[in-house]
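Q: Return a 3D structure for these sequence lines:
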Amino acid sequence: MKTQRVWRRMEGWRGFRLTVPWLVFALLLLWGWRVGNPAHNLPAYGDVLEVVWITDWYDGVVRGTHSASSYPLIFYPAGWRVATYAGGPTLLLALLPLNWLGGPAFAYNVATILTLALSFAGMQTVVRREVDVLPATVAALLYTFWGFHWFRIAGHMNVLIATSLLPWLLWSLERSVAPTRHSVAWSALAGLVWMLMILSSWYFLFMGAMLLGGWWLARQASLLKADRDKFFSTVSIRRLLIPTVVALLPCIPFLLFFVYESNAAQAAYYDITHVALWDASLNSFPIPNVAHPWLAGLSSVIYQGPTNEPGQANFGFLAFLMAVLAIRPALRDRRWWPALMLTGIGLALSLGLTLKWNGQVIQWEALRGLDTILWRLGYLLKPDFFTAPHPISPFDTAVPLPGLLLSSLVPFWERARVFARYALLASVGLYSLTALSLAQVRYGWVRGLLALLLVIELLPPPTDSVPFPPVEHPAFAWLRQHGTPEQGIVDLDAWQPDRLYLPNRGQTLLATEYHQQPTVAGAGSILPAHVAFLDQWLATHPHPFTDSSFAPLWRYIGVRYIIFHVSGSYAQVLLREAAQNPDLQNRGCFDPPPGRNPWSYPICILEVTTWPTPSFNVLTSEGWSGTEEWGRWIEGTSGSGVWMAARRVSYRLKIEAFPVCDANRPQRIVVEVNGATVATHTWDDCESWLAEIALSAQQITIGWNELTLRSAYAARPVDITDGSNSDTRWLSVGLTRLEITPILHPPSN
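A: You can find the predicted model right below:
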């Protein structure tokens, strides 16, 4: 009792209430934030480099040194529509002034610390309305430093800024229903906060809507029994409409521009199989952070699923347990209903499309009928997301969740992709409930011990401290000297002993500032269609260096050099296979520069040789003879082939062909592209037919395009020459030229 009285006296002291919470915040920040010089060090590479680059890019836009629309050196040959980057105007408002003060690294570091402080202050302000300073401080610490939020400092600045405003949105809404004459002003303020969140990250268009809707339902629920008419009263609807109108109206122009730029980039969006990879698992919630400096081993015992982003939605065992214990008292007190509602909505949505355990879909045969109905509804409305008319495994017998239905019905819902991030919304309510449970502990020393254990359980893994700008890799200097302006490069790395991938990441983006060569790889989460196609091709072709279509694939795009990142043993295995490909020439391998670097491994440069026969650059598949000195025959009555298009532009198909000459039967050829007839020719004699066929952009598919040549008949030369030609093959048309080229700059009339 004496300890409790002392603690209450300390809590009653104004200086304690103001300074001690921030002192604890500062201590935890010092524990986790290990960046040295804020102007020349960063907490990590990777996604951080995207934010640093984009800050510098828009600084150049403001200064008028370049256009704001496109950056030509990534996603070659199309270039990058920079407006499709995940960070919006709020991100720039936060970073650009700091960039002018101390440069992009300084801007990133200071902005990160300020957003963490804003998160702490907001959560403490919200929870402090209902509990004392100690539980409120613990809730604020939990919200600020829990692993899934702390993870954002490694490059998700847009999400970090928006998440720091989540508690302030809830606080503004709560103020709007408090006994005050300014309820409309507080509702409008809530809309402004939501607007800033949306314009920082489009995720929060939906996440803010879930918070607003959940809060409104919780506040109105008590009226269902007391007075149903008041549930939909003018005042009630106003609480919902004012924040919505204030938030969404200013965002509409930015949203329309974002959609326009995404369409202009011919962006490829992810299907249900990919999105499902980013759903949280049920048993990932009640564990310490999978990257906890001390308790990661305990987490791995309880949860054995993937430890990337969906595996990091870990609220902590003690915090989760105390939140569960607070459900009963929270149900009895209407003031806590919003916390209950947000927790439930956030957890349900973060589980994504189907229920998982250890990253594996839980299946139940009895649900097959329901899954079929939901899938067919989704396929009817969004066939690009639900990729087949009937449910595919494991979705045919999975336990469906609200996210699956919302992905079917709500426009753009599935584009959020990482549904696990709704755990950020759940954390506002869940850690509030943890604070309620802590506040109900009677003995001060027990409360203090629990607070200490909660803080220990949330300890974030310390950051790194890496230099910025990094030293140039020697391979980039070589490229800068030997690159050609009319051709590009492609960055490739290995992720399995037999698989390559395009490293679409911050390192690739930053590297272009050094070597100044346009690369097929890029950055950001919205990929142009040709990059998504290449990603898929690489993922489905083992030992790609030995594939006959590997070099032609890059020739079609205009790639001269392959920048092969030898980042580990997998890459070394594949490099040996590359040496066996006659279409690739190794121009040298370059050791990394000394010290910390985003490219702290050798980089080898492979040159893609030119077409052996430029006049015959279609990859033939079925119906063709072997290569002869003059060209190739079509064996039988049809020959097919493919070529790869990186952009939906006009193409020119050049054909030079002659028939197997039979005076009694005129030969005829039909040219088809992607199933549509584009030209026909009938021979009246045995002369060659020369043609240039213009293919419109509408006839082109990004990726492989099919070319088929069909003849009227096939004959054996031995038969039609009365034996003077001993060739016994059934032939129809010979081709000395079959050349496809893009028309990048059509001549004007």
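
Q: rest of the way, CA atoms for contacts and neighbours
A: Fine.

Q: And stretch 100-109, what's buried?
A: For stretch 100-109, burial by neighbour count (16 or more other CA atoms under 10 Å) applies to 103-109.

Q: Let's test this: mean pLDDT of that stretch, rounded?
A: Averaged over stretch 100-109, pLDDT sits at 96.

Q: And stretch 604-623, by the same measure?
A: 93.

Q: Identify the residues contacting stretch 338-345?
A: 210-211, 214-216, 218-219, 327, 330, 425-430, 432-433 (CA atoms under 8 Å, 6 or more residues apart in numbering).

Q: So which of those are in strands?
A: Under the assignment DSSP state E, these contribute nothing to strands.

Q: So which of these are in helices?
A: Using DSSP state H, the members of the contacts of stretch 338-345 that fall in helices are 210-211, 214-216, 218-219, 327, 330, 425-430, 432-433.

Q: pLDDT score for H182?
A: Note on H182: pLDDT of 82.

Q: Does it touch S176 like I think?
A: Yes: contact criterion CA atoms under 8 Å: H182 and S176 qualify, at 7.3 Å.

Q: between these two, which one's more packed in?
A: Using other CA atoms under 10 Å, the more surrounded residue of H182 and S176 is S176, with 21 against 13.

Q: quick one: that one from P411, how far?
A: 30 Å (CA to CA, to the nearest Å).

Q: what sits against I252?
A: I252 neighbours (CA under 8 Å, 6+ apart): none.

Q: I'd like the distance from D271 to H530, if you could.
A: 16 Å.

Q: of those two, who's got more company?
A: Using other CA under 10 Å, the more surrounded residue of D271 and H530 is H530, with 28 against 17.

Q: Helix or strand for the more buried one, just tell me which one.
A: Using DSSP states H and E, the element containing H530 is helix 529-539.

Q: quick one: buried residues of that helix?
A: 529-535, 537-539.

Q: three-state assignment of N664?
A: The local conformation at N664, judged by DSSP: H, G, I helix; E, B strand; the rest coil, is coil.

Q: tell me the pLDDT at H745?
A: H745 is given a pLDDT of 59.

Q: Kindly report the same for A265.
A: For A265, pLDDT reads 85.

Q: for G87, same thing?
A: 88.

Q: That one: neighbour count?
A: 23.

Q: Contact partners for it?
A: With CA under 8 Å, 6+ apart, G87 has these contacts: 157-158, 199-201.

Q: And the longest helix anywhere in the chain, what's buried?
A: The longest helix of the chain (DSSP H) is helix 234-264. Within helix 234-264, the residues that count as buried by 16+ other CA under 10 Å are 239-240, 242-244, 246-248, 251, 254-255, 258, 261-262.

Q: is I693 in a bridge, and if so with what?
A: I693 has these beta-bridge partners by DSSP bridges: L653.

Q: ok, it to T741 distance?
A: The value you get for I693 to T741, if CA to CA is used, is 11 Å.

Q: shared neighbours, the two?
A: 652-653.

Q: quick one: contacts for the residue positioned nearest the centre of the chain?
A: Taking CA atoms, centre = their mean, the centroid of the chain lies closest to S525, which sits 3.0 Å from it. S525 makes contacts with 85-86, as judged by CA under 8 Å, 6+ apart.

Q: So what does it have for phi and psi?
A: Main-chain torsions, S525, degrees, to the nearest 10: phi -100, psi -10.

Q: The residue nearest to S569 when sequence neighbours are not counted - how many residues pack around it?
A: Of all residues not flanking S569 in the chain, P497 sits nearest, at 7.9 Å (CA to CA, 6 or more residues apart in numbering). Using other CA under 10 Å, P497 has 15 other residues around it.

Q: about what we covered before: C-terminal to the longest helix of the chain, what's the next element?
A: strand 267-268.

Q: now that next one, how far from the centre of its chain.
A: 11 Å (CA atoms, centre = their mean, to the nearest Å).

Q: One more: stretch 315-335?
A: For stretch 315-335, the distance to the chain centre is 33 Å (CA atoms, centre = their mean).

Q: end-to-end on that stretch?
A: 23 Å.

Q: could you give the mean pLDDT of that stretch?
A: pLDDT averaged over stretch 315-335 gives 95.

Q: Repeat that for stretch 389-398.
A: pLDDT averaged over stretch 389-398 gives 94.

Q: would you list every one of the helices in the stretch 301-450 of the chain?
A: 317-325, 327-332, 337-350, 368-381, 402-409, 423-439, 444-457 (DSSP state H, counting those that start in this stretch).

Q: The last one - contacts with which helices or strands?
A: Looking back up the chat, that one is helix 444-457. Packing contacts for helix 444-457, counted by 3 or more CA pairs under 8 Å, 6 or more residues apart in numbering; DSSP states H and E, involve helix 2-12, helix 133-145, helix 317-325, helix 423-439.

Q: what about 10 Å?
A: Applying 3 or more CA pairs under 10 Å, 6 or more residues apart in numbering; DSSP states H and E, one finds that helix 444-457 makes contact with helix 2-12, helix 14-32, helix 133-145, helix 317-325, helix 423-439.

Q: what does the shortest one give?
A: The helices and strands touching helix 327-332, judged by 3+ CA pairs under 10 Å, 6+ apart, are helix 337-350, helix 423-439.

Q: Mind putting the ones you listed into CSV with mean neighbour count and distance to P135?
A: Converted to CSV, those look like this (neighbours: other CA atoms under 10 Å; distance: least, CA to CA, whole Å):
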stretch, mean neighbour count, distance to P135
helix 337-350, 24, 15
helix 423-439, 27, 5
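
Q: Put together JSON lines for those, with distance to F206 on each row.
A: Listed next are the helices and strands packed on helix 327-332 as JSON lines, based on distance: least, CA to CA, whole Å:
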{"stretch": "helix 337-350", "distance to F206": "11"}
{"stretch": "helix 423-439", "distance to F206": "11"}
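
Q: For P394, which non-adjacent residue is spatially closest?
A: P394 sits nearest to V361 (CA to CA, 6+ apart), 6.9 Å away.

Q: What residues are recorded as beta-bridge partners of that neighbour?
A: Beta-bridge partners, per DSSP bridges, of V361: K356.

Q: Return the distance of it relative to L436.
A: Distance, V361 to L436, using CA to CA: 34 Å.

Q: try L459
A: Taken as CA to CA, the span from L459 to L436 is 21 Å.

Q: before we move on, the earlier item: redo the buried residues of helix 234-264 as TSV? Include pLDDT and distance to L93.
A: Output for these, formatted as TSV (pLDDT from 0 to 100; distance: CA to CA, whole Å):
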residue	pLDDT	distance to L93
R239	83	28
L240	89	28
I242	93	24
P243	95	22
T244	94	22
V246	96	19
A247	96	17
L248	95	19
C251	95	15
F254	92	15
L255	91	17
F258	90	18
E261	89	21
S262	88	22
